[in-house]
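Student: coords please:
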Amino acid sequence: QVRLVESGGGLVQAGGSLRLSCAASGRTFSVYTMGWFRQAPGKEREFVAAISWSGSGPDYTESVKGRFTMSRDNAKKTVYLRMNSLKPEDTAVYYCATTRRAYYYPQESGGYDIWGQGTQVTVSS
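Tutor: Coordinates of the predicted model:
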């Protein structure tokens, strides 16, 4: 059974940084795309970033480009989201996600079908 466990969330002041981690277990890691999503209170879950099985990309939503960096370490079965210059509007629960299909890069959030439990990120102004 595939399991994703996020960590690294917390409370930070605007302008600060955090690094989220997502550790995967239960299957081969290196052949699957990984994604980060977030959901703020009262809002829909939104795509943040994704990285392919080979590490190509990553792709980012416009609002985080230049501030967030996604990476993966296949040996550790872990993906990271480095978040710099955080803003209050980045406050959300951040979720790690992946696909059941290998060598598949979803073009929409519906393509991700395995999710972690989420980690809270709160940015104070």
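Student: contacts and neighbour counts: CA atoms only from here.
Tutor: OK.
Student: nearest residue to G57 in space, please, no chain neighbours.
Tutor: I51 (5.7 Å; Cα to Cα, 6 or more residues apart in numbering).
Student: that neighbour: neighbour count?
Tutor: 22 (other Cα atoms under 10 Å).
Student: list the contacts for it?
Tutor: Going by Cα atoms under 8 Å, 6 or more residues apart in numbering, I51 touches T33, M34, G35, G57, P58, D59, M70, S71, R72.
Student: per-residue pLDDT, it?
Tutor: On the pLDDT scale, I51 is placed at 97.
Student: what is it paired to in the beta sheet?
Tutor: M34 (DSSP bridges).
Student: any idea which of the contacts of I51 the model trusts least?
Tutor: Across these, the bottom pLDDT score, 82, is held by G57.
Student: and it, how many neighbours does it have?
Tutor: By other Cα under 10 Å, 13 other residues sit near G57.
Student: so where's this protein uncertain?
Tutor: By pLDDT under 70, the chain contains no weakly predicted segment.
Student: any idea which residue is closest to the centre of it?
Tutor: W36 (2.2 Å; Cα atoms, centre = their mean).
Student: so it makes contact with F47?
Tutor: Yes: the pair W36 / F47 is scored as a contact, 6.5 Å apart, by Cα atoms under 8 Å.
Student: can you give me the strands for this structure?
Tutor: 3-7, 10-13, 18-25, 34-39, 46-51, 59-60, 68-73, 78-83, 92-98, 114-115, 119-124 (DSSP state E).
Student: dump the ones you listed into JSON lines; add distance to Y105 as well.
Tutor: Below are those laid out as JSON lines (distance: least, Cα to Cα, whole Å):
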{"stretch": "strand 3-7", "distance to Y105": "18"}
{"stretch": "strand 10-13", "distance to Y105": "29"}
{"stretch": "strand 18-25", "distance to Y105": "18"}
{"stretch": "strand 34-39", "distance to Y105": "9"}
{"stretch": "strand 46-51", "distance to Y105": "8"}
{"stretch": "strand 59-60", "distance to Y105": "11"}
{"stretch": "strand 68-73", "distance to Y105": "15"}
{"stretch": "strand 78-83", "distance to Y105": "16"}
{"stretch": "strand 92-98", "distance to Y105": "10"}
{"stretch": "strand 114-115", "distance to Y105": "14"}
{"stretch": "strand 119-124", "distance to Y105": "24"}
